[in-house]
Structure formats: structure tokens, C-alpha cells
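**Student:** got a structure for you, letters missing:
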């Protein structure tokens, strides 16, 4: 089973105070880019893998989606999702993305926001996502970028000139990466970008877009802390199609 | 016009002494991986962009290719290619990859080995490659990986624990990167991996494979210096199809 760090009280409380938890989808600086990769939602059936508070599900039905199913392992997240996004078109399901068995050809869009880097067996899940989509369906997700995750000590370094640079090591060595973020011992699964993209191709998807998210000049002006994201990509956004 | 560093005597002499120049294709540790991305060459028409000494062209006709055209900007490289790979099925052409106009639907395979990271306008060249291929044709190439190229000071750093880590900075800021490698002021063109892949998709290609090349345990045992390549990818190999 995947680590369920979101149900650790310390982690959940910290997570709940993040900008992206307080402000909703607009609190995630990458949301406009992820949204741009999604198709017109009108009449579509959405599946959200690692749905958290259910905001993408709610957004989708507001956009005219026929229905949305949010899947998460965290009771805390699902309880808040059910309370805050109550809508006859939205359902929630507790399940582990490592072992979930999805119904065949039941969705038009599978989405996932910053959840799949917790999954060990991405190839299996990509196969499940492919099977669950109708022909022509979309798989759109964000993950932590492997450049961001690879190092055994992912912290800024100072260069000889006094600038900042991001360390990359152990990139080819895939597997768990343990960091202290909001709580001690948060376990993520490092994979190269090629492993992720090739798993999609092997599952049958065609790759439509890769975005190594970075802010625009306007976004940096509005939120100066985003300047770091020009130095090394923190997130990768992928759009694939069945 | 692209910088023609290969015709700088100092650079050409240094390049000619590299393992990959002395030993042929087998001197490049990534060659088995690049070869594995290429289709069966029998009866195919090959175009090599940045053909250097012509070794891929020679390999292709040895494998049964119907013909091979090698393109390079360097007189030095082309002179040696013509002298060492004389074969009625191989032709060479001096041209700049920034401005080359390729004939329509004239090749079955377009290949390029460690040349395209010198090209400023990759989107234009991807469009040229697409147009030059017959339907179903293959575009297979290696480039320096943007993780390797991005930093303003691409040199190993020592970690607090005494290990080595590779710096990544300015990743989102595309454009020239000037390094001293074999000669002073060698100019390469940094692009994110997403820019490269999206340019292929926009040109009409489907992405078949991405390899962020790293050595096997056997290869590290045979050539211990390759251990560095587990830390950060030096090369990206891409296979796309029309």
C-alpha cells in the first residue's frame, strides 16, 4: 500500500495551511497550465486520481462535466471533499492508486494533480488509466519533476559566485526518496522523465504535451518567490491521449 | 549561421582524439541505445543531420540501407568522411542545419548524433525533418540533455557529505550556453526537454521513445568513468515517427 501521509495529523494540518489548500485551485501556480491541457469538460466523465479536497471535480462539474469521480487514499481529504463539494454529479471513492482496478472505458478524462509521484508502480496505473478511458480520452496530470526529486539532498546550493543552483544526483537510480516536508519521513517515488513518458507510450497513449512548468514574467512579478522556478522545474505536466 | 567550431583547428584536433573519434561508433557509450531506437535499415534511405565522420552512414549501408546522405557544416568532418567512407551509396553535403531546405518525402530514416543542441531553431529543423520523411518514417536523435547543459557553470559540486552533485540553474531560460570544451567559447543552445518534445509533436511527429541515457552495471564495470552518468543524464535520445 502507498504511504498515507495525508492522514498523519501533523502533515494534514501543515498541508491545510498551504496556499494551494487555502485558496483552492488558484493557489497552485501551475493550475492555469494544467487547465490549458484539459479538454472542454462539457458532457465529459471525469476521474481524478488523488483528488484531495475535490476541487478539480467541482471545477469540472461547474464547467459542465456530466459527472466526476474523485479517488483518494486519505480519509481526511475525502471527508473534507465530501463536505465542501457536495453535488449530485460528484462521487468519491477511497482507494489505493497502487492496487486500484478501474472500470473499462468509463471516463473521457483522467486527471491527477501532484499525486502520481507517490505511486511506486506507475506503469500499472498508466495501464489502468488507459483501460478506463473511452477511445480518444485524455490523461492529464502534474507530478513533481524528477529534476526536483532526484537528489539525496534536494536543497539549494550556493555557487562560487554567490548564486543559487539546484543539485541533481542519483537521477538514474529510481526508487523511494524520503524528505521532511510538513512531516518527517514523507516518501515519494523518483522516476526519470523517460520512465514516465515511456510507460504512457507502452500503455498505448500518444503524448500530446509535456510542460516543465515555469512562471511567466507577470507571474514572477505578482509572486516574487516563484523566481526559483526559473532555475529548475519543480513540476512536470503531461497530456496524453488514448 | 550556426557556429562552426569543428573547423577551428584546436577544437578539431581535440575532437579527433576523443574515444568516440578514435574508436568509431563503439567509442560512444550511448551507441547501443541509439542503434536500438533505429529501425531495420535494409532498403531504407537514411539522412544524417550533423554526420561528422560519416560513421552512421557507413553503418547504415553495411546494414543494407539503400542509400545514405550525410549533412554537416564542417569541411574538416566532411573531408574525412569522404575519404574514409567512400561508397557509391553514400553522399555528403555541406549545409547549415539552421537554414537547410530538405527535399520532400525523400528519406525513411532521419538520424542525428549529438548535433541538434548546436541548432538555434529546432522547431524549424523538426519541420524540415518531418517534411523530408516518407509516411511512417523515423526521426531518431541524441542530444546533450538539458539537465547537463542548463547551468551557467556546468561543473560537479561537492555536497556537505563529500559526495558529488550536478548543478541545475537557469533551466527555464533557453538560449546560448558558452563553455570551454576542447576550445574556448563553444556555443550550444539550451532548450528544455519539453520544448524539444513539443516541437516534434507540433511538427506532426508522434513520440515513440525517450531515453535519458545511463549506463548498465556491466558498462560501469567495463568503464568506471561512466559512473558519473548515473548521477545526472548527459544525453537524451529521442525516437519519433511520422
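**Tutor:** That came in fine, so what should we check first? Since this is a predicted model, take the numbers as computed values, not measurements.

**Student:** Run through the bridge partners of residue A:206.
**Tutor:** For residue A:206, the beta-bridge partners under DSSP bridges are residue A:241.

**Student:** Which parts of chain A are helices?
**Tutor:** Here chain A has its helices, by DSSP state H, at A:9-16, A:19-22, A:31-37, A:55-62, A:75-84, A:122-132, A:146-149, A:193-203, A:217-222.

**Student:** Mean neighbour count, distance to chain B and mean pLDDT for those - can I get that in JSON lines?
**Tutor:** In this view, the C-beta of every residue, glycine as well, is placed from N, C-alpha and C. Output for these, formatted as JSON lines (neighbours: other C-beta atoms under 10 Å in any protein chain shown; distance: least, C-beta to the nearest C-beta, whole Å; pLDDT from 0 to 100):
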{"stretch": "helix A:9-16", "mean neighbour count": "15", "distance to chain B": "25", "mean pLDDT": "81"}
{"stretch": "helix A:19-22", "mean neighbour count": "14", "distance to chain B": "20", "mean pLDDT": "78"}
{"stretch": "helix A:31-37", "mean neighbour count": "17", "distance to chain B": "11", "mean pLDDT": "97"}
{"stretch": "helix A:55-62", "mean neighbour count": "22", "distance to chain B": "22", "mean pLDDT": "97"}
{"stretch": "helix A:75-84", "mean neighbour count": "17", "distance to chain B": "29", "mean pLDDT": "93"}
{"stretch": "helix A:122-132", "mean neighbour count": "20", "distance to chain B": "15", "mean pLDDT": "98"}
{"stretch": "helix A:146-149", "mean neighbour count": "23", "distance to chain B": "6", "mean pLDDT": "97"}
{"stretch": "helix A:193-203", "mean neighbour count": "20", "distance to chain B": "4", "mean pLDDT": "98"}
{"stretch": "helix A:217-222", "mean neighbour count": "12", "distance to chain B": "11", "mean pLDDT": "91"}
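
**Student:** Would you format these as a markdown table with distance to residue B:85 included?
**Tutor:** Shown next, in a markdown table, are the helices of chain A (distance: least, C-beta to C-beta, whole Å):
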| stretch | distance to residue B:85 |
| --- | --- |
| helix A:9-16 | 61 |
| helix A:19-22 | 57 |
| helix A:31-37 | 45 |
| helix A:55-62 | 56 |
| helix A:75-84 | 62 |
| helix A:122-132 | 41 |
| helix A:146-149 | 39 |
| helix A:193-203 | 32 |
| helix A:217-222 | 49 |
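
**Student:** I'd like to know which of these lies nearest to residue B:166.
**Tutor:** Closest of the helices of chain A to residue B:166 is helix A:146-149, at 10.0 Å (criterion: C-beta to C-beta).

**Student:** any bit of the lengthiest strand in chain A sitting next to chain B?
**Tutor:** Counting residues, the longest strand found in chain A (DSSP state E) is strand A:133-144. No - judged by C-beta under 8 Å from any C-beta of the partner chain, strand A:133-144 and chain B are separated, with a smallest distance of 12.8 Å.

**Student:** Pairing partners for that strand, with directions?
**Tutor:** Strand pairing (DSSP bridges) places strand A:133-144 next to strand A:107-113 (parallel), strand A:235-241 (antiparallel).

**Student:** re earlier: any idea which of the helices of chain A gets closest to residue B:66?
**Tutor:** Taking C-beta to C-beta, helix A:193-203 is the member of the helices of chain A nearest to residue B:66, at 28.7 Å.
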